[in-house]
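*Asks:* I would like to see how this sequence folds:
(one chain, ligands or ions: 2)
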Amino acid sequence: MPNAQLTDRFGRTINYVRLSVTDRCDFRCVYCMAEDMTFLPRQQVLTLEEIARLARTFISLGTEKIRLTGGEPLVRNDILDLVREIGAMGLRDFAMTTNGNQLTKLAQPLRQAGLKRLNISLDSLDPDRFHSITRTGHLNQVIDGIDAAREAGFDGIKLNVVVMKGRNEDEVPALVEFARGRNLDISFIEEMPLGQITEHHRGESLFTSDQVRAMIRQHHDLVPATADSGGPARYYRMPDSNIQVGFISPHSHNFCATCNRVRVTVEGRLLLCLGNEHSVDLRRVLRGYPVSDDKLRDTIIQAMDLKPERHHFSSDGDVQILRFMNMTGG
Ligand code: SAM
Ligand code: SF4
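*Replies:* Numbers count the residues shown, from 1 in each chain. Ligands and ions are numbered 1, 2, ... in the order given. Reported below is the predicted structural model:
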């Protein structure tokens, strides 16, 4: 039954899957991780073969777009082998979200392995701030990585900025100019309450997409673009540039009606919604005996019934979801 469609109880077609390939990372961004993280034992993490099998199974169920994420996907050994394998599966779109720290070395090989698009996180253009937000990162290394990605000829590159009040919100205009100058799309993200962090209080650091838009409008007109990604982002264009400016607003925008995506954590838990705890253990099926692709497909199809109608984030800063973003990849 190739290319069957996955649909949920609310009539939404699920054709986009985000696969987390590792919970580890070479950064410790303040909004994503605690400084002192304990990572999963290796045997609990899906093998590359298991991840590739999941990708193949989802594609047989109508998935058209896969994004690899993490943690930091580029710290996983042999990630290029996985990219090559999934890259040959004929997806309409194949993307990765990365912190950019290893792109000087890996941008070209990733492109050659079949990756089509990259999202690269960049929260500050000030080296000291960048280091304090990422706790370990060096800005020049990531900027060189962004430039290496541009040279590698990806179909699209987008910068991701998590905007935090009192930390980097004053850099919104400079980040927009950076993106315009390099002809890169850019998205501004409201911080989500995933995982208990100690470094700041999330309620106090929330800087909304409306506020970001108002800042940009002091310098540029923003015209709504028609593209609907089926996700939490709303896109705008500027009359004098080709780039798109996105706003990812889990707090202020209810995007759930058009949600087309699910996520698989690094432990093989199928998450039906980033803002809810509903999940199904696919690793148990992947490692079950006898090996059965039919069972895996049936489990995924049935899991769609658990997809909730909407998320339940609120903006008071309380932690509603106990897992960290590095488990699910955002
Ligand atoms: N390591 C890669 C990176 O940083 O791009 C990929 C994984 S990271 C978890 C995916 C995206 O989630 C990044 O753009 C990051 O900025 C964002 N992110 C992490 N924690 C977040 C949070 N609590 N709220 C909003 N965005 C978050
Ligand atoms: Fe690592 Fe990405 Fe989380 Fe930053 S946001 S700590 S780069 S996984």
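*Asks:* so how far is residue 303 from the residue in the stretch 51-200 of the chain that ligand 2 sits nearest to?
*Replies:* At 3.5 Å from ligand 2, residue 99 is the closest residue in the stretch 51-200 of the chain, using Cβ to the nearest ligand atom. Yep, even glycine has a C-beta here, placed from its N, CA and C like the rest. To residue 303, residue 99 is 30 Å away according to Cβ to Cβ, to the nearest Å.
*Asks:* which of the two has more neighbours?
*Replies:* With neighbours defined as other Cβ atoms under 10 Å, residue 99 and residue 303 compare such that residue 99 has more, 28 against 21.
*Asks:* so the more buried one versus residue 71, what's the distance?
*Replies:* Distance from residue 99 to residue 71, by Cβ to Cβ: 10 Å.
*Asks:* common neighbours of those two, please.
*Replies:* Shared contacts of residue 99 and residue 71 (Cβ atoms under 8 Å, 6 or more residues apart in numbering): residue 25.
*Asks:* is it true that residue 259 touches residue 15?
*Replies:* No: using Cβ atoms under 8 Å, residue 259 makes no contact with residue 15, being 11.1 Å away.
*Asks:* hang on, the earlier thing: would you mind measuring from the residue of the stretch 51-200 of the chain closest to ligand 2 to residue 139?
*Replies:* 12 Å.
*Asks:* secondary structure element for residue 274?
*Replies:* Using DSSP states H and E, residue 274 sits in no helix or strand.
*Asks:* could you check the pLDDT of it?
*Replies:* At residue 274, the pLDDT value in this model is 75.
*Asks:* count the neighbours of it for me.
*Replies:* 23.
*Asks:* same question, the one 4 residues further on
*Replies:* Burial measure for residue 278: 14 neighbouring residues, criterion other Cβ under 10 Å.
*Asks:* got phi/psi on it?
*Replies:* phi -60, psi 130 (degrees, to the nearest 10).
*Asks:* quick one: residues contacting it.
*Replies:* 271-272, 306-308.
*Asks:* just residue 95 next, same as before
*Replies:* 65-68, 115-119.
*Asks:* partners of it in the sheet?
*Replies:* With DSSP bridges applied, residue 95 shows beta-bridge pairing to residue 67, residue 117.
*Asks:* what's the spacing between it and residue 69?
*Replies:* 9 Å.
*Asks:* and residue 14, by the same measure?
*Replies:* For residue 14, the distance to residue 69 - Cβ to Cβ - is 17 Å.
*Asks:* pLDDT at the nearest residue to residue 191 once chain neighbours are set aside, what is it?
*Replies:* Spatial nearest neighbour of residue 191, excluding adjacent residues (Cβ to Cβ, 6 or more residues apart in numbering): residue 31 at 5.2 Å. In this model, residue 31 is scored at 91, pLDDT.
*Asks:* residue 31 sits in which helix or strand?
*Replies:* Applying DSSP H and E, one finds residue 31 in no helix or strand.
*Asks:* get me the contact residues on the protein for ligand 2.
*Replies:* Those residues of the chain that sit near ligand 2, judged by Cβ under 6 Å from any ligand atom, are 25, 27-29, 32-33, 70-72, 99, 121, 325-326.
*Asks:* what sits up against the lengthiest strand in the chain?
*Replies:* Determined from DSSP state E, the single longest strand within the chain is strand 156-163. If you take Cβ under 8 Å, 6+ apart as the criterion, strand 156-163 is touched by 29, 31, 97, 116-123, 146, 149-150, 168-169, 172, 175, 178-179, 184-191, 207, 212, 244, 246.
*Asks:* what about dumping the CA coordinates of it to PDB?
*Replies:* Written as PDB, here are the backbone C-alpha positions of strand 156-163 (Å, rounded to 0.1, in the frame of the first residue of the first chain):
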ATOM      1  CA  GLY A 156      17.100  27.200   0.800                       C
ATOM      2  CA  ILE A 157      18.700  28.400   4.000                       C
ATOM      3  CA  LYS A 158      16.900  30.000   6.900                       C
ATOM      4  CA  LEU A 159      18.200  31.500  10.000                       C
ATOM      5  CA  ASN A 160      16.400  30.800  13.300                       C
ATOM      6  CA  VAL A 161      16.500  33.400  16.100                       C
ATOM      7  CA  VAL A 162      14.900  32.700  19.600                       C
ATOM      8  CA  VAL A 163      14.100  36.200  20.800                       C
END
